[in-house]
Every structure is written in structure tokens, then in C-alpha cells.
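*Asks:* Build me a model:
(chains A and B)
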Amino acid sequence: MRPKTRPHFILTATCAALLTGPALAQTPAQGGTLTVPIIAPTLTDDFNPFSNAQEDMVRGTMFEPLWVHNVMTREVEFRLAEGFDYADDLTSMTIRLKDGLTWSDGEVLDAEDVAFSLALGQTDAALDKSGKWSDGLIAGVAVVDPLTVRINMSRPDSTLDWYLEPAFIVPQHIWADVEDKLTFRNPNPVGSGPITEVVSAQSNQIEICRNPNYYRAAEGLPFLDCIRFRQYSDNSQIQPALMAGEIDWGANFIADIDRTFVARDPENHRYWYPPNDLINLYVNTARAPFDNADVRRAMSMAMDREAIVDLAGYGYPTVATRATGLGDYFEAWLNDDLDAEFESLLTYDPDAANALLDQAGYLDSNGDGRRELPDGTPIGFDIHVVNGWTDWIQSAQIIAENLADIGITAQVRSVDWSVYDAALKEGTYDASMSWSLAAVDPIQTYNDYYHPDRVGQSWHAGHGMASDDLGALIDAYGQTTDEAERRDILDRLMTFTGENLPFIPLFSNPTWYQYNSTRIGGWPTAEDPFVQPVFYSAGRKLIAFERLYQK
Amino acid sequence: MTKILSRLTRFYRGNNAGIIGSALIALVVALCLAAPLISPHDPDRRVGRPHQPPSAEHIMGTTRAGKDVAAQALHGGRVSLIVALAAAGLTTAIALAVGVGAGYAGGRIDEGLMAVTNIMLVFPQLPLLIILAAFLGNVGPFVIAVILGLTSWPWGARVMRAQTLSLRRKEFVTAAEIMGESRWRIIAVEILPNLISLAAGMFVGTALYAIGAQAGLEFLGLGDPTVVSWGTMLYWAQSSQAFLVGAWWEFLVPGTLIALVGGGLALLNISIDQVSNPRLRTGPQMKRWRRMAATLDAKRREGRA
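*Replies:* Predicted coordinates for the structure are as follows:
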């Protein structure tokens, strides 16, 4: 569903026949301003893409990536680059740039700028947004010709392209002379994205408008003139602003959205919460009773996921139905046959759970309603959640209720982040609720679950099932570009997860996305899901923004 | 026994503030104590759909999580009241120990104790509580009671010291000293009984403060949200935006109970103040005072005539 562009014969903005997908038949007129919230104590004229100070304002709007991995369509959307190729031995990658790229000040954007930007991470880890200098993969960056850059790698790898999206391309003619690139405020920004010109910057509002030299200007892009970033202190201020129609695009938790937001204007006040990362109940398989797979299966079958989603999550998350460790975020990769095999594990059935525990020898011999381990000690453990994460606390409370129904006593412990963080990473928890990695490819998620290198580093590898065999399998995926081989590796990892259930999938987090179509049209919707509508992802925001137009 | 009863009747006679205050507290305490008997549901379990308005099944509605508000309010009240009483008891005990100790011992001990008291006094209390609560991580009701008890005593200690200092100079204390009574006996028998009304007032005042402070800490999310109390009920009401979605019962019920107990404690506090300091007496108390004065005058005149 990538926008196909045709040459323009008539540049009348209103009736040019530009095909940008099924949602739009005509090129919309240019003009209009999009208002979005930024949660910050105050806004400043800091437009540095490296400092994290106001990244949501500049990344993907002012500074474009080379390409964007669109997980929803499983396609690569090329931006500054026209394409990339891996060498046959997978030890280098060649990036081809589009012809005729310019910076917003009129200078030419060429391979020198790209090589300069990519090489920034070599000397300063803080500028290494890909993380691939730090882990030793990138050995060097070379300019081949004005439109071609080659990245040399220290070992064969076919996954580098996943990590280059956050490596933003900045103009060499400005940044080469900047001494400290992290603290530089970049008050007069020069970028390559659709909006670059700062027209006003106040502490509570910053307005950035159209790039006069945008490389897609001939296509009439961007349709909107400006983005107005408004400062809010927290979610509780954003909710009323959204209700009052002050904000066009919200990316925040809104309580009871149907009653508070949608009901005010059902026609224009809309939301769409497609699945994001999968939330699991991680259990420590090194400890009893979680060392028995039947206990983990029984616990999974005892959980009323519908109730968790409805009550704790306001119905916004998506119920997990697959035991294979991947949520609906990775829908384009899933294997329905495999999922069907394990479906019963995630179906609410307390009777089957009870039967399974009886059969496994975890009985309630003294009739106090609590099952015991075969050695006679009653089963009891804590479920860790972070204090203040109210929806998770409520989820864990429902889980504890469900487990009580099958004779397992679990206590919800809302702990400080530091306690939670350390217990997960060191594997010292009994049970803990946590998310999973949702990036570009499912193998990254499995890497985070099972790779022995991630044990102690990641929150999600401390369950006691990471192994060298699984690590080798995961590594093999990154050393091939063969689709069938990759498919096979994924299938094996899915099967392993479904058979062993080292963690219990609960639900997929929602992608927070509310929009107000009173003034602006072209939004990604459930009917037209051309991109996951994540405001906080530079690339996905960019793709969504380019479709928006003033009504 | 009869002595206590007659004292109680004397305390309450004509003392409307005391009567209303005590009645309010007694009502709420009785309801909370009877929670296991009268509570319609288990406070920790889902028993209905989220945010159901008050009905016959759920007389005070349900929370966003589908739990019964009435059951939570009754059971949660036990936690809130115990915390308030424990914090008040701890505070009063520390204040008495430090105040009487400093006032009676005098000299170096007095200086040392008062230095500590003054330092504790100038600590801004709410920020201190917030930092302590955040530092200790997950703070249950017990920890909150201890935190409140350990931070609320300095004012009381100063008042106790002042009163002890003035009592110390009284003739009966000097007499006891000359007679060679031990220090502990003097403190226990001669001084403490004269501080009882002050200590009672302080106890009630601190309980009032502790009810509010505990609810405040829990409302800010610094308490343990898995324990049901009035403060955590308000926390959950806030986090589920009960106000915005019109589920008024979820915050009104715990809020009203806090207000009732708080109001009752405040009234009781006023009436205790009036007992220990007759100059604060107002209204009916004053009328009684005038009547007594008038009778006395009449008797005197009769006597002379």
C-alpha cells in the first residue's frame, strides 16, 4: 500500500490525479496546521536530534531516516534511500540514495552527508543511535559515489537495515563544525524532512512549518503547512484538551474513551488501538512449582484474559490467543497452524486447569483450598508489578483471583521500579508482569527472550530457559537472507515457546492513538491500516503525517 | 467505675460538640468493626461490572475494577482507623516522653532534647513523608503509621515541656521533692495526671491529622495500592478518572467517611480543649458557667444577710 507517485502534468493542487492509496483519490489542497501534544515541563528552542531533549519534535519531521520498516505491512518504505543491498558474503551493505535530495537551506544532500551522519557513532557512543558501532558490527562507512554509501561489517549479518532507521541523517555542512554534538541546541535547524522552518517557539507552544526545499514538494507534499506542538504536563491535562478539540492527534491513555471522548462527537472523535507489544506473566522456571510445565500450562488456562482486558485495561488491549511468544503486532509473520496447536493453552478453562494440576500431583491434601507441592509445602508466591502502573496492578489482582480459583495462592506486590528491574534482570523473581520487545522483526523478540547474551541484560531472559542452542538458532537467522530458512527458524522458536510456555502471554498493549477529524483528514484507521499509528516512532509518524491533509 | 462514669457524664453534659463528635466516630468505628458481619461482599474480589451506580445489589455502587464500594469502604475503614490510632498513640507517647523528660530534667538533657525537637519541627513534613515513603518503596499501612508517628511529635513535645515546666514549680511538686520521693514517682503520680487532658487532646488532634495524611500519601500513590483503605480507594478512583466518567460514588463514599471521622475528631478535639482550658469555652458551656456564678453570688449574699 505504498503511495505510488505519478508525474504531474497539471499542478492544480485540488484536482491533480495523484494516487496515494485507496483512501485518497485526489491530491488534497495544501494548508492547515496539525496540533499535537508534547508532555514536558516546558518547551525550548532545542532542535537537536541526538540529545533526546525534544526528539519527538524533530525526528521524522525535520530529520528523515533512510527508510522505515512498516511492521503493519511488512514492507520497507524508502525515504532518503532508494534501496539497499547486502553483499553476497553479508559483510557489507550498499545504500543507494534518491537523486535530487536537498536540505531545507537549499544545499545538496548527498552520500557525504549520509556517511558523515552514520559515522558519528564511531567516536561517540551517545551518537550511535543504531547501536551497531557499539556492538562492533559496523567496521566502517565509505562514500562510493555521490549517491552511494557502503557500510563495511566486521562479521556476516543480514539484519543491519533494521537498526539504521533511528540513525538520522544530518547536514554535514552544519554539524561538522559543531564541537559538542549532544549539547548543541541547533536553534536554526536545517533538515531534510517535510517540516523544518520554526516559525514560533514559546515555552508552551512551538510551531514548525513546511520545508521550502522538500524533496517531495513536486508531489504536493506535505499537504499540511505546519505542526503545532503544545506543551502539557501530563496525561490528565491532555484528556480535557482532546475532549475540547484542541488537539488533533493524541497518543495518550484516555480513561473511558467511549464516554469521555467519542461520545462528544462520534463522527470526528475517533480512536484506534492496534496491538503493540505483548505483555506476559514471566515465571521463574528454575523454582518450584514453575519448574513443572504442567503448572505453567494450568496457570495459563486459569487466566480469564477477557476480564483482564475489560476491567484492568478498559477493553483497550488485545487478548493474547497465541502461546508462541508473539503478539498480534507481528500478525504479518504469524503461523496460524502452529498457533492452533496451542490454542487450548490460552483458552479460559479453570476446570481443565484443576484437572491438569491434580494429574501433575499438586494436590490440596489438607482441604484448606491451597494446593501443595509434592513435598507438602503450600504453593504461594508474589507477582511483581511496578507501583503506580495501575492497569498492571489491576491485571495482576485479577490474575491472583483466577489463580486462587485453582488453589494457587499468589500475592500481588507493587514494588518500586528498581526492585522490579533488578529482579527481572537477575532472574530473582517468582512471577513478574512485563512486556516483550516489539521492534522490526520477530527474531528480535526471540533474541530478547532466549539468547544467552541477553541473560542479565534484558528483563525478559531471566526465566531460566535461555540456552546456547536457542542462541545459535537465533544467530543463524541474522546470517541468512533466505526467506525459507528464516521461516523455519521462526517456526522452531514458536514451537519451542508453545511447548514449554516459559512465560504466560496475557494481552497485547494498545498503541495509543486518538484522532480528531474535524479539521484534518487522512488518518490511519482500522479500515485503512497503512501504518501503525505510533506518534513516538519517528518513521511511523512520518508516514502517517504525509497522508494527513486539511479538510 | 462509677467515678469514670461520672467523669464522662460531667464531660458530656452540655458539651454538644463532644456529643456529636463522639457519636460520629462511634458510628463509623462500629460500622467498620462490624465489617465482616455486615459487609455485603468480599472487598478484594470482583463482584460486578465496572462502575455500576448504587443499586440494591451494590448499595454504594462498584469501582472501576468491579469491586463493591460499600464492602471496600467498611473493610478499608478498619485499616485507615487503625493507622490513625496507631500513629496518634505513637506520637503521643513520644511527645510525652520527650516533653516531660526535657521539662522535668532540665539542663543539658533539656537542651539536647529540645535541639532534636526543634530540628524535627522545621522539617517540612509532607515533603519529608513523600521522600520517606518513596525511599522505603512499597509502604503498607504499618509503615505509614510508623512514619506518621515518628514525624508528628515535635509540636506536642514542646507543649508538654511547657506544661511540665510550669507544673514543676508548683508547690505540690516541690513538697513531693522535699519529702524525698523518687523522680519517677513524681513524674508518674504528680505530673502525668495533670497532663492527661492535654495528652488526650493531642491524641485526638494527631489522629485527625493522621487520617488525612494517610489518605493523602495513598492518594498520591505512595502507599501500597493493593491494600484496601480509604486513601487507596481515592487513589483508584483518581486513576480510573471516576470524576470524569461520572462515577461519583467511587470517590464520594471514602471521601465522606474521611470527612465524617475527621469532623468527629475535630469536634471532640474542640471539646477536650474546652475542658483543659476553660477560657476557650463558648456557648452553652458559658451559660452554665454564668448560671453557676449567679448561684454562687446569690448564696454569698444570703450568707451575708
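
*Asks:* For the helix or strand containing B:S6, the averaged confidence score.
*Replies:* With secondary structure defined by DSSP states H and E, B:S6 is part of helix B:2-12. In this model, helix B:2-12 has a mean pLDDT of 78.

*Asks:* which helices and strands sit right next to it?
*Replies:* Here helix B:2-12 is seen to pack against helix B:16-33 when contacts are counted using 3 or more C-beta pairs under 8 Å, 6 or more residues apart in numbering or on different chains; DSSP states H and E. No exception for glycine: its C-beta is placed from N, CA and C like everyone else's.

*Asks:* so what secondary structure elements neighbour the helix it packs on?
*Replies:* If you count contacts as 3+ C-beta pairs under 8 Å, 6+ apart, helix B:16-33 packs onto helix B:2-12, helix B:69-105, helix B:248-276.

*Asks:* near chain B, which residues of the stretch 151-300 of chain A show up?
*Replies:* Within the stretch 151-300 of chain A, the positions near chain B by C-beta under 8 Å from any C-beta of the partner chain are A:Q239, A:A255, A:D256, A:R259, A:T260.

*Asks:* Chain neighbours aside, what residue packs nearest to the fourth one?
*Replies:* Counting by C-beta to C-beta, 6 or more residues apart in numbering or on different chains, A:R259 lies nearest to B:V245, which is 5.5 Å off, once chain neighbours are set aside.

*Asks:* I figured the one you found hits A:D258, correct?
*Replies:* No: judged on C-beta atoms under 8 Å, B:V245 makes no contact with A:D258 at a distance of 9.7 Å.

*Asks:* Could you tell me how far stretch A:485-505 lies from the centre of the chain?
*Replies:* Remark: stretch A:485-505 is offset 21 Å from the chain centroid, using C-alpha atoms, centre = their mean, to the nearest Å.

*Asks:* pLDDT on that stretch, on average?
*Replies:* 94.

*Asks:* Restricting to C-alpha, output it in CSV.
*Replies:* Taking Å, rounded to 0.1, in the frame of the first residue of the first chain, the C-alpha atoms of stretch A:485-505 are listed here in CSV:
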residue,chain,number,x,y,z
GLU,A,485,15.4,-20.7,6.2
ARG,A,486,14.2,-17.7,8.3
ARG,A,487,10.7,-19.1,8.3
ASP,A,488,11.9,-22.4,9.5
ILE,A,489,13.9,-20.8,12.4
LEU,A,490,10.9,-18.8,13.5
ASP,A,491,8.7,-21.9,13.4
ARG,A,492,11.1,-23.8,15.6
LEU,A,493,11.2,-20.9,18.1
MET,A,494,7.4,-20.6,18.1
THR,A,495,7.1,-24.4,18.7
PHE,A,496,9.6,-24.3,21.5
THR,A,497,7.7,-21.5,23.2
GLY,A,498,4.3,-23.1,22.8
GLU,A,499,5.5,-26.5,24.1
ASN,A,500,7.4,-25.1,27.1
LEU,A,501,5.5,-21.9,27.9
PRO,A,502,8.3,-20.2,29.8
PHE,A,503,6.1,-17.2,30.2
ILE,A,504,2.3,-16.8,30.1
PRO,A,505,1.0,-14.4,27.4
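
*Asks:* Sort out which residues of it are buried, please.
*Replies:* For stretch A:485-505, burial by neighbour count (16 or more other C-beta atoms under 10 Å in any protein chain shown) applies to A:486, A:489-490, A:493-494, A:496-498, A:500-505.

*Asks:* How about stretch A:30-43?
*Replies:* Of the residues in stretch A:30-43, those buried (16+ other C-beta under 10 Å) are A:Q30, A:G32, A:L34, A:T35, A:V36, A:P37, A:I38, A:A40, A:L43.

*Asks:* So the first one: helix, strand or coil?
*Replies:* Put plainly, it is A:Q30. coil (DSSP: H, G, I helix; E, B strand; the rest coil).

*Asks:* For the helix holding B:S6, buried residues please.
*Replies:* Buried residues in helix B:2-12 (16+ other C-beta under 10 Å): B:F11.

*Asks:* one step back: pick the one among the buried residues of stretch A:30-43 closest to A:L338.
*Replies:* A:V36 (39.8 Å; C-beta to C-beta).

*Asks:* could you give the mean pLDDT of whichever strand or helix holds B:A134?
*Replies:* In this assignment (DSSP H and E), B:A134 forms part of helix B:125-135. Here helix B:125-135 scores 74 as its mean pLDDT.

*Asks:* just checking, B:W289 is part of a helix?
*Replies:* Yes: judged by three-state DSSP, B:W289 forms part of a helix.

*Asks:* Run a quick neighbour tally on it.
*Replies:* Using other C-beta atoms under 10 Å in any protein chain shown, B:W289 is surrounded by 13 other residues.

*Asks:* confidence score at it?
*Replies:* 73.

*Asks:* Point out where chain A drops to low pLDDT.
*Replies:* A:1-26 (pLDDT under 70).

*Asks:* Quick check, the residue in it closest to chain B?
*Replies:* Going by C-beta to the nearest C-beta, chain B is nearest to A:A255 of chain A, at 3.3 Å.

*Asks:* Tell me which helix or strand that residue sits in.
*Replies:* Using DSSP H and E, A:A255 sits in no helix or strand.

*Asks:* what does A:A115 give?
*Replies:* Assigned by DSSP H and E, A:A115 falls within helix A:111-123.

*Asks:* which residues are contacting that helix?
*Replies:* With C-beta atoms under 8 Å, 6 or more residues apart in numbering or on different chains as the test, helix A:111-123 has contacts from A:50, A:66, A:80, A:95, A:97, A:103, A:127-130, A:132-134, A:138, A:141-149, A:151, A:164, A:167-172, A:175-176, A:181.

*Asks:* What sits closest to B:R46 if chain neighbours are left out?
*Replies:* In this structure, B:R46 finds its nearest non-sequential neighbour in B:G66, 4.1 Å apart by C-beta to C-beta, 6+ apart.

*Asks:* Might one say that the one you found is in contact with B:P43?
*Replies:* No: the pair B:G66 / B:P43 is not scored as a contact, 12.0 Å apart, by C-beta under 8 Å.

*Asks:* Show the pLDDT at the nearest residue to B:C32 once chain neighbours are set aside.
*Replies:* Sequence neighbours aside, B:G77 is the residue nearest to B:C32 in space, at 3.7 Å (criterion: C-beta to C-beta, 6+ apart). With respect to pLDDT, B:G77 scores 93.

*Asks:* Tell me who's in contact with B:G77.
*Replies:* So B:G77 contacts B:V28, B:L31, B:C32, B:A35, B:S229, B:W230, B:L257 (C-beta under 8 Å, 6+ apart).

*Asks:* got JSON lines for these, with distance to B:E57, pLDDT and neighbour count too?
*Replies:* JSON lines is the format used below for the contacts of B:G77 (distance: C-beta to C-beta, whole Å; pLDDT from 0 to 100; neighbours: other C-beta atoms under 10 Å in any protein chain shown):
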{"residue": "B:V28", "distance to B:E57": "24", "pLDDT": "92", "neighbour count": "20"}
{"residue": "B:L31", "distance to B:E57": "19", "pLDDT": "92", "neighbour count": "17"}
{"residue": "B:C32", "distance to B:E57": "22", "pLDDT": "91", "neighbour count": "22"}
{"residue": "B:A35", "distance to B:E57": "18", "pLDDT": "87", "neighbour count": "18"}
{"residue": "B:S229", "distance to B:E57": "24", "pLDDT": "92", "neighbour count": "29"}
{"residue": "B:W230", "distance to B:E57": "23", "pLDDT": "94", "neighbour count": "27"}
{"residue": "B:L257", "distance to B:E57": "21", "pLDDT": "94", "neighbour count": "23"}
